[in-house]
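Visitor: Give me a model of this one.
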Amino acid sequence: MSSITETPVAIRSAPPRVDAAPVAAYPGVRRLLRGIGAVAKRVVAVAALAVIWEVFPRLGLVDATFLPPLSEVLVAWWQLVLSGELLDHAQASLGRSLAGFSLAIVEAIPLGLLIGWYKPAATLLTPLLEVFRNTAALALLPVFVLILGLGETSKIAIIFYACSWPILLNTVSGVRTVDPLLIKSARSLGLGPLRLFQKVVLPAAVPTIFTGIRLAGAYSILILIAAEMVGAKAGLGYLINYAQYNFAVPDMYAGIITISAIGLVVNQILIITERRFSTWRTTS
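Guide: Presented below is the predicted three-dimensional model:
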């Protein structure tokens, strides 16, 4: 009987298993990547605008006398910063804007909640509000100046007037557009009118209210600039107007860029504040 020699078979060791889950499996990483992508898109758009602003005047596609290259505007902006002039004007504008904006929030939100929730108040005040809501704030600027003078009071008052309407109207809309099913469910659970308003209506109206606040934040800056061009001795509107009259075009655009930057910062602060007041909402 012949013996059969068995040749040993080399057994390769399998490579170690790496449990590397794909990046997309982590929600935090996905949110981070989405955030980076959104920021990249915004940066690309701003960078494209900056390149166009820099190149077009140098190529003669636009008159550099009226639209100087962006680099010259940034140099003028930096000189205004070093001299302290830009900071002084920005502080004056922000003080007026925040004063009128804060007064509008304090006045318009309670009034809007009252009109939206209490029907007799709505019946009494709606005709009067309809008269004034269709009157532009800048159209009333001469009236404010005549009554309150050229000082700080008239400027704060016109900002207060302009900011009150978006906050008031959005607050009324937010209260009136609460899902009726939520209200019926809360009433079936035995909630009284006060608790119903506090626990259901007010939280549901918060996003709409903050939409009005964000609109009012933009109005507080835009209306202020127009008001500062009439009889002001400080402020970004005064800086722009003064630079225009003296044909200091780079300084004028430096003031405009500063206003845009302030508007972006204010809007971002309001967005963060809205998220803090809307933590009950689920995020996608």
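
Visitor: now this structure, which segments are flagged as low pLDDT?
Guide: Residue ranges of the chain with pLDDT under 70: 1-29, 35, 37-38, 278-284.

Visitor: What ranges does the protein have for its strands?
Guide: Remark: no strands are assigned in the chain by DSSP state E.

Visitor: what domains does the record give for it?
Guide: Here the domain assignment for the chain is 26-65, 68-277, based on automatic domain parsing.

Visitor: Quick check: which of the ones you listed is buried the most?
Guide: Most buried of these, by mean neighbour count (mean count of other C-beta atoms under 10 Å): domain 68-277, with a mean of 17. Any C-beta I mention is one placed from the backbone N, CA and C, and that applies to glycine too.

Visitor: now the end-to-end length of that one.
Guide: End-to-end span of domain 68-277 (C-alpha to C-alpha, to the nearest Å): 44 Å.

Visitor: ok, now stretch 219-238?
Guide: End-to-end distance of stretch 219-238 (C-alpha to C-alpha): 17 Å.

Visitor: can you list contacts of it?
Guide: Contact with stretch 219-238 is made by 88-90, 92-93, 96-98, 100-101, 104, 137-138, 141, 145, 150, 154-155, 158-159, 162-163, 166, 240-241, 255, 258-259, 262-263, 266, as judged by C-beta atoms under 8 Å, 6 or more residues apart in numbering.

Visitor: now stretch 138-156: how far from the chain's centre is it?
Guide: In terms of C-alpha atoms, centre = their mean, to the nearest Å, the centre of stretch 138-156 is set 26 Å apart from its chain centre.

Visitor: Tell me which residues are up against that stretch.
Guide: Stretch 138-156 has contacts (C-beta under 8 Å, 6+ apart) with 96, 99-100, 103, 157-158, 161, 223-224, 226-228, 230-232.

Visitor: repeat for stretch 252-272
Guide: Outside stretch 252-272, the residues within contact range by C-beta under 8 Å, 6+ apart are 67-68, 73-74, 76-77, 80, 86, 89-90, 93-94, 210, 213-214, 217-218, 221, 225, 236, 239-240, 243-244.

Visitor: hang on, Glu72 packs against Pro250?
Guide: Yes - if you go by C-beta atoms under 8 Å, Glu72 and Pro250 touch, sitting 5.2 Å apart.

Visitor: quick one: the residue most central in space within the chain from Ser220, how far?
Guide: Closest residue to the average C-alpha location of the chain: Asn267 at 2.0 Å, with C-alpha atoms, centre = their mean. Going from Asn267 to Ser220 by C-beta to C-beta, to the nearest Å gives 11 Å.

Visitor: who's in contact with Asp63?
Guide: With contact taken as C-beta under 8 Å, 6+ apart, Asp63 is in contact with Pro57.
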